[in-house]
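>>> Build me a model from this:
(one chain, ligands or ions: 2)
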Amino acid sequence: MDKNAKIYIAGHRGMVGSAIYRKLTKEGFNNIITRTSSELDLRNQVAVADFFADEKPDYVFLAAAKVGGILANNTYRADFLYDNLQIQSNIIHSSYLNKVTKLMFLGSSCIYPKMAPQPLKEEYLLTGPLESTNEPYAIAKIAGIKMCDAYRQQYGCNFISVMPTNLYGYNDNYHPENSHVLPALIRRFHEAKVAQADAVTIWGTGTPKREFLFADDLAEACYFLMQTYNEEGLINIGTGTDVSIKELAELIKQVTGYSGAINFDSSKPDGTPRKLMDVSKLESKGWKHRINLEEGLSLTYQDYLDKLNKTVLV
Ligand SMILES: NC(=O)C1=CN([C@@H]2O[C@H](COP(=O)(O)OP(=O)(O)OC[C@H]3O[C@@H](n4cnc5c(N)ncnc54)[C@H](OP(=O)(O)O)[C@@H]3O)[C@@H](O)[C@H]2O)C=CC1
Ligand SMILES: C[C@H]1O[C@H](OP(=O)(O)OP(=O)(O)OC[C@H]2O[C@@H](n3cnc4c(=O)[nH]c(N)nc43)[C@H](O)[C@@H]2O)[C@@H](O)[C@@H](O)C1=O
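Residues are numbered from 1 along each chain as shown. Ligands and ions are numbered 1, 2, ... in the order given. So this is what the prediction gives:
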């Protein structure tokens, strides 16, 4: 990528998009274009077509999506399917029409079958039933992978698909119900500490295992792959190690300095029992994560505290 290349980051205000923006700016790219969702609703086919025809970007990072944790995915099933299909279809098709040099589509580890062998290899895609809580989101993401492949096969477009594991970091969403587990627990433990509460309640049994990657590490991987990887299919991005939700809760308890008890609410869904990425394909290409969970959690908690000083969280 030339430093003057016109690069569109879709979703630049989100956790991932903002990390990619920071990385590209740090690397000296000076022609990055962005739009907020109120300036450009990516579900709107005509608006997206006009935007691409006017701007004609050279590279596209597709990091805009309807995103949320297990409860949001399960509750807003129609929105997760419709919004994501619309956003990605509009951007991918307009990228083809306007001869984008290269596009990166971001999927998610939830595209793999619920009971797939661990660690998850790229070849396990479409080999079994999906986890029901996030099936609509996963179906949209699988459609995105297949769309990138189809445009490559039929039109020769260099559109690639990357599958990040569960992410966390700066600019995360701390909504008490709709967020992912890691930001939800940072907020819950912090608020329990301030309120001197006796116990914090965690959803589910605490036994599911998850792999967590710091969003700035993901941005490094996306930058690396945008320059070096040009294949159809998919490539996992993760750390290759995971923890149970109970272990995560203990770590967050420590980082936030909370001293009470931890309870489990098994009426809430556990979701997929485990989704550990096989990162051998990525590592064989020369990329490895740098920030471990303990370090990333401290950075994220500090970001949460900074945010609390500036805004009132809903
Ligand atoms: N968070 C995670 O754990 C994981 C995320 N991913 C993937 O990474 C990508 C980014 O996720 P993340 O950064 O966490 O998500 P965020 O929710 O933090 O950011 C999503 C961004 O998408 C934009 N967006 C959403 N809907 C629209 C719309 N209709 N029109 C225009 N823009 C829209 C928002 O823009 P605005 O701010 O302007 O409203 C927002 O900035 C997604 O593809 C997601 O599936 C993959 C694996 C795990
Ligand atoms: C990234 C990924 O994110 C989603 O899948 P998920 O991995 O299941 O995500 P999650 O972070 O919401 O939960 C992880 C685990 O943690 C437990 N858990 C405990 N306590 C809280 C809690 O307070 N909030 C949340 N959200 N979960 C909690 C929860 O019960 C579950 O066992 C997808 O829908 C899909 O969209 C996707 O791709």
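
>>> Please identify the residues of the protein in proximity to ligand 2?
Applying CB under 6 Å from any ligand atom, we find that the chain lies next to ligand 2 at 69-71, 73, 108, 110, 133-134, 137, 166, 179-181, 184-185, 202-204, 208, 210, 245, 268-272. In short, each C-beta sits where N, CA and C put it, glycine included.

>>> Please flag which of those residues sit within helices.
70-71, 73, 137, 181, 184-185, 245 (DSSP state H).

>>> Pick out the most distant pair among those residues.
Across those, no pair lies farther apart than Tyr137 and Leu185, at 21.1 Å, counting by CB to CB.

>>> Could you check which of those two is surrounded by more residues?
Neighbour tally, Tyr137 and Leu185, criterion other CB atoms under 10 Å: the higher count belongs to Tyr137, 29 against 24.

>>> so how far is ligand 1 from that one?
For Tyr137, the distance to ligand 1 equals 7 Å [CB to the nearest ligand atom, to the nearest Å].

>>> Do I have it right that that residue meets Ser108?
Yes. If you go by CB atoms under 8 Å, Tyr137 and Ser108 touch, sitting 7.3 Å apart.

>>> since we're on Phe61, how many residues are nearby?
28.

>>> now swap in the one 3 residues further on and tell me
When neighbours are counted by other CB under 10 Å, Ala64 registers 25.

>>> Quickly find the element holding it.
Assigned by DSSP states H and E, Ala64 falls within no helix or strand.

>>> ok, now which ones touch it?
Counting by CB atoms under 8 Å, 6 or more residues apart in numbering, Ala64 touches 10-11, 14, 17, 37, 42, 87, 91.

>>> 10 Å instead?
Ala64 makes contact with 9-14, 16-17, 35, 37, 40, 42-43, 83-84, 87-88, 91, 106 under the criterion CB atoms under 10 Å, 6 or more residues apart in numbering.

>>> Let me see the mean pLDDT of the strand or helix carrying Phe189.
Element membership for Phe189, per DSSP H and E: helix 181-195. Mean pLDDT, helix 181-195: 98.
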